[in-house]
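Undergrad: here is a sequence together with a model predicted from it:
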Amino acid sequence: MSRQFLHSVDILLGASALVILYKLYTRLVKSVHLPYPPGPPGYPLIGHVKTPEEPGWSVYRDWSQQYGSDVIHLNLVGTHLIVLNSLQSCTDLLEKRSNIYSDRPTSGITMLSELCGLSWSFGLQCYGPEWRDGRKAFQTQFHAGVVQKYRPALSREIYRFLRRLCANPAEWAHLLNLMAGGLIMSIGYAIDVQEKNDPLLAAEEHAAECVKKTLVPGAYLVDILPFLKYMPEWLPGAGFQREAKAWRKSMLQVLHAPYDVVKERMARDPAATPDCVTKSLMEKMVDTAKDPAYMERVAKSAVGSMYLAGSDTTLSIIMSCILAMVLHPDVQRRAQESIDRVCQGRLPDYSDYDALPYVHAFVREGLRWNPVVALNLPHRCTTDDIYKEYLIPEGSIVVANIRAILHDPTVYPDPSIFNPERFLRRTLDDELELDPNVLDPAQAAFGFGRRICPGRLMAYQSIWLALANLLAAFRIECAKDESGEPIVPSGEYDWGFSNHPKPFKCAIRPRSKEHELLVVRAAKASEE
């Protein structure tokens, strides 16, 4: 190799190093002088002691408009909170720069992670090897190529729900909750839940309540001042310790109890153990791993995370859509007409998946109208970053304002109105089809980047079948008081990390005796 060639290589390497150093230097100098994104002023030195009262999404949206920026900054006693109020900013940072925005904060979740015991959830884990293994475990079971294998189990639980609804329509809210939990228990663990007082569902509901309350940023002072976690529960002001103690018990039950059922079945007779996600992970990942104990922890966390998050998501979306049917009977009627034209005297099933665009539009509007999660699980920026000439410091907590994105009037006119037809258009043959030019709410509702919900495809398919059959078989109306006047629901929501309609009354009945018979037959066929 010639000396001249080596000299040329040295020059090239030296020049490259200078370019890199120059870029790093200019970035450093620039970051020193760049402002944070705009936001409301806080107290001197400490900034803001807590985040806005619920619903925080609307306050962040208003600040975004007030300061003319889709990116808002708050200083929470030294912790930087960045709120992204547009799809563009979420895409630019959480998607395109996911290499530095995929971590989870360890601050701000002390109550949930440490005191309530949810540190096992891979959804809360920091970006690293164990999180990647948990994500891989989840993706092997729920990617687009395999999710259709769960359709028989989904159909069985949904038709079972419809049959119970025919028998006890006044119990619709309980039966819906039973179905949502039953879907996850069936697919995750091959466990049939009890219709009354199921201990596993009770633990899941209690744990979900914990997540809903504690994941609201700043809801607990211990999340801002973590040293408070050492306070004894008997001290005045330490009521959060007593709450956490009760929630922790349910969290551990969610993690261990259903998994242990499958593990015991596998120990007795693997061949006789019904197929489910847990069995598949045991066979393909745990039993073949170099470190089975570690991989069992990963698998247990993956299925437990699905168990905890999945049923609450399904429940909230379907309940929102039922509320919409009550408040907008004309929309319900048009959806029923679209199903009747295709199904002609039978109930819809997955063979109709591509033939019922109105149902897809209905689901999309359910995702958009009142999204389950208004502010997503926080991301953490792992290095100083510059966006739109603003500095986002290393360690910043970054939150997407999903509700604001899905209620952007420039994308969805009259966003407070439930209108599935915003997602539809007419073909040249005057047939309805989904309009590809209207943003699919799923692009925001299920999160962003490497932290996007890995179970979103199965969740969507379960919601689609449940709503298609509710619309096809039932008439859902306002309940009536003693004088026969309709009781119109308020349409109000309980806001937390996850959002649900406030309890409301409605009248649910089969559209006809023939529709009731169709439900009974479909439920029987799905059990065979």
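TA: Thanks, I have it.
Undergrad: please save the CA atoms from stretch 110-120 in CSV.
TA: Listed next in CSV are the C-alpha coordinates belonging to stretch 110-120 (Å, rounded to 0.1, in the frame of the first residue of the first chain):
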residue,chain,number,x,y,z
THR,A,110,-42.9,6.6,41.2
MET,A,111,-46.4,5.9,42.5
LEU,A,112,-47.3,3.4,39.8
SER,A,113,-44.0,1.8,39.1
GLU,A,114,-42.4,1.5,42.6
LEU,A,115,-45.2,1.8,45.2
CYS,A,116,-48.0,0.1,43.3
GLY,A,117,-45.7,-2.5,41.8
LEU,A,118,-46.1,-2.1,38.1
SER,A,119,-42.4,-2.0,37.3
TRP,A,120,-42.8,-5.5,35.7
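Undergrad: from here on, count from 47
TA: Done: numbering now begins at 47, and the last item shifts to stretch 156-166.
Undergrad: ok, residues contacting it?
TA: Here stretch 156-166 makes contact (C-beta atoms under 8 Å, 6 or more residues apart in numbering) with 152, 170-171, 253, 256-257, 260-261, 265-266, 268-269, 272, 275, 286-287, 290, 293-294, 297-298, 301, 343, 346-347, 350. Heads up, the C-betas are built off the backbone N, CA and C, glycines and all.
Undergrad: put the buried members of those residues into a PyMOL selection.
TA: Listed next is the PyMOL selection for buried residues among the contacts of stretch 156-166, using 16 or more other C-beta atoms under 10 Å:
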select buried, resi 170+171+253+256+257+260+261+265+266+268+269+272+275+286+287+290+293+294+297+298+301+343+346+347+350
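Undergrad: so which of the contacts of stretch 156-166 sit within strands?
TA: Judged by DSSP state E, strands contain none of those.
Undergrad: so which of the contacts of stretch 156-166 sit within helices?
TA: 253, 256-257, 260, 268-269, 286-287, 290, 293-294, 297-298, 301, 343, 346-347, 350 (DSSP state H).
Undergrad: shouldn't Pro98 be within a strand?
TA: No: applying DSSP: H, G, I helix; E, B strand; the rest coil, one finds Pro98 to be coil, outside a strand.
Undergrad: quick one: residues contacting it.
TA: Taking C-beta under 8 Å, 6+ apart as the test, what Pro98 contacts is 105-106.
Undergrad: mind listing what Glu217 touches?
TA: Arg210.
Undergrad: need the three-state assignment for it.
TA: Going by three-state DSSP: Glu217 is helix.
Undergrad: separation between it and Arg567?
TA: Distance of Glu217 to Arg567, given as C-beta to C-beta, to the nearest Å: 22 Å.
Undergrad: looking at this protein, which helix or strand is least sure?
TA: Least confident helix or strand, the chain: helix 49-79 with a mean of 50, by mean pLDDT, DSSP states H and E.
Undergrad: could you identify the helix or strand that succeeds that one?
TA: Sequence-wise, the next helix or strand downstream of helix 49-79 (DSSP states H and E) is helix 102-113.
Undergrad: can you give the distance of the next helix or strand after that next one from its chain's centre?
TA: Once the chain leaves helix 102-113, the next helix or strand it forms, by DSSP H and E, is strand 117-122. Strand 117-122 sits 24 Å away from the centroid of its parent chain (C-alpha atoms, centre = their mean, to the nearest Å).
Undergrad: so which other helices or strands are in contact with strand 117-122?
TA: For strand 117-122, the packing partners by 3 or more C-beta pairs under 8 Å, 6 or more residues apart in numbering; DSSP states H and E come out as helix 102-113, strand 125-130.
Undergrad: can I get these in TSV including mean pLDDT?
TA: Shown next, in TSV, are the helices and strands packed on strand 117-122 (pLDDT from 0 to 100):
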stretch	mean pLDDT
helix 102-113	93
strand 125-130	94
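Undergrad: nearest to Gln378, out of these?
TA: helix 102-113 (27.5 Å; C-beta to C-beta).
Undergrad: packing partners of the closest one?
TA: Helices and strands touching helix 102-113, by 3+ C-beta pairs under 8 Å, 6+ apart, are strand 117-122, strand 125-130, helix 448-452.
Undergrad: tell me the confidence at Lys570?
TA: Model confidence at Lys570, given as pLDDT, is 94.
Undergrad: give the burial count for it, as a bare number.
TA: By other C-beta atoms under 10 Å, the residues close to Lys570 number 11.
Undergrad: where do the helices sit along the stretch 347-496 of the chain?
TA: 375-389, 403-415, 448-452, 488-491 (DSSP state H, counting those that start in this stretch).
Undergrad: which of the ones you listed sits most buried?
TA: helix 448-452 (a mean of 26; mean count of other C-beta atoms under 10 Å).
Undergrad: so Met225 touches Glu203, yeah?
TA: Yes: under the criterion of C-beta atoms under 8 Å, Met225 makes contact with Glu203 at 5.8 Å.
Undergrad: looking at it, Val534 is touching Leu373, isn't it?
TA: Yes: counting by C-beta under 8 Å, Val534 does reach Leu373; the two are 7.5 Å apart.
Undergrad: neighbour count winner among those two?
TA: When neighbours are counted by other C-beta under 10 Å, Val534 and Leu373 differ, and Leu373 comes out ahead with 17 against 12.
Undergrad: which ones are touching the residue lying closest to the more buried one once chain neighbours are set aside?
TA: The spatially closest residue to Leu373, leaving aside those adjacent along the chain, is Gly537, at 6.2 Å (C-beta to C-beta, 6 or more residues apart in numbering). Neighbour list for Gly537: 369, 373, 547 [criterion: C-beta under 8 Å, 6+ apart].
Undergrad: and the pLDDT at Gly537?
TA: In this prediction, Gly537 carries a pLDDT score of 93.
Undergrad: Met331 - how many residues pack around it?
TA: By other C-beta under 10 Å, the residues close to Met331 number 19.
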